[in-house]
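J.: Take this sequence and fold it.
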Amino acid sequence: MELEFLAKYYKFYLSGTSITLFLSFFGVILGTILGVILALLKLSKFKIFNIEILSKIASIYIEVVRGTPLFVQLLMVYYGLPIVLGVELPDVFAGIVAVSLNSAAYVAEIIRAGILSIDKGQMEAARSLGMSHSTAMKYIIIPQAFKNILPALGNEFVVLIKESAIVSVVGIHDLMYNTETIRGISYQPFAPLIPAAIIYFIITFSISKLLGKIERGLRAGDSHI
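T.: Model prediction:
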C-alpha cells in the first residue's frame, strides 16, 4: 500500500480536521444549550386551554428530529433556509445549525431523564426554603442531574463528531470532504481513508478520556462531602 500521498496532501487533512473540530465544537455547545431549553419545555406544566402547550411543542420537535435522518435535516437547512426565510448562511454555519438542531433533540431527552432521576424531595426541600421553581432547577436540580447524565452526554458528543462527516455532502471542506478529494486526485480509493479514520479515532478517544476524567473528578468531589 502506497502512502506517498501523505507527504503531498497532508495539509488537506490538517485543514479538514480544523473544520471538523470547529463545526463539532459549536455543534456541541449549541446542541447542549438548545437541549436544556427543550428538556425544560418538555417538563413544563404550563397550560393553555387545559393543554400543556410548551411540553407538546417540545415533544413534537424531539420526535420529528429523532424520526428523520440527519442527512435530510442537513439538506433542509442548507437548501430550505434561503427559500423559506430568505436567509443564506455560509456553508460551515449551515452545517453547525443542522448538527446543533439534530443533537439538541437527543441531548434534551438525556437531560430530561437526568432531571427526572433526581428525588422529588430535592425540589420540595428547595421550595420549602423559599426558592422559586426556576431557581431550584438552576442551582439544585440541574447540577445534580448533570453529574448523572455526563456519561450519556459524552456518548452523544462522540456520536455528533462522527456524524458531522455528513456535512461533506453539501461541500463543506471538513475532514471527510478533503479525504474524498485526496482519493480523487491520488487515484487511490482506500489508502487515504486510513489517516482520516485515525484522526477521527484520536479526536473521539481523547474526548472520551477527558469526559471520563471529569466524571471521576465529580464523583471524587461527592465522596469528600
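J.: packing partners for the helix or strand where Ala104 lies?
T.: Element membership for Ala104 (DSSP states H and E) is helix 91-116. Where contact means 3 or more Cβ pairs under 8 Å, 6 or more residues apart in numbering; DSSP states H and E, helix 91-116 is packed against helix 5-43, helix 53-66, helix 70-75, helix 142-163. Bear in mind the C-beta positions are built from the backbone N, C-alpha and C, glycine included.
J.: Which among those is found nearest to Pro82?
T.: Minimum separation from Pro82 across those (Cβ to Cβ) falls at helix 70-75, 12.2 Å.
J.: re earlier: tell me which of the helices and strands packed on helix 91-116 sits nearest to Asp119.
T.: Of all these, helix 142-163 comes closest under Cβ to Cβ, at 9.2 Å.
J.: Now do the closest one, average pLDDT.
T.: Average pLDDT, helix 142-163: 88.
J.: Which elements pack onto that helix?
T.: Using 3+ Cβ pairs under 8 Å, 6+ apart: helix 142-163 touches helix 5-43, helix 91-116, helix 193-223.
J.: Just put the ones you listed in JSON lines and tack on mean neighbour count.
T.: As requested, the helices and strands packed on helix 142-163 are exported to JSON lines (neighbours: other Cβ atoms under 10 Å):
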{"stretch": "helix 5-43", "mean neighbour count": "18"}
{"stretch": "helix 91-116", "mean neighbour count": "22"}
{"stretch": "helix 193-223", "mean neighbour count": "13"}
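J.: Pull out the buried residues from stretch 73-90.
T.: If you call a residue buried by 16 or more other Cβ atoms under 10 Å, then stretch 73-90 has these buried ones: Gln73, Leu74, Val77, Tyr78, Leu81.
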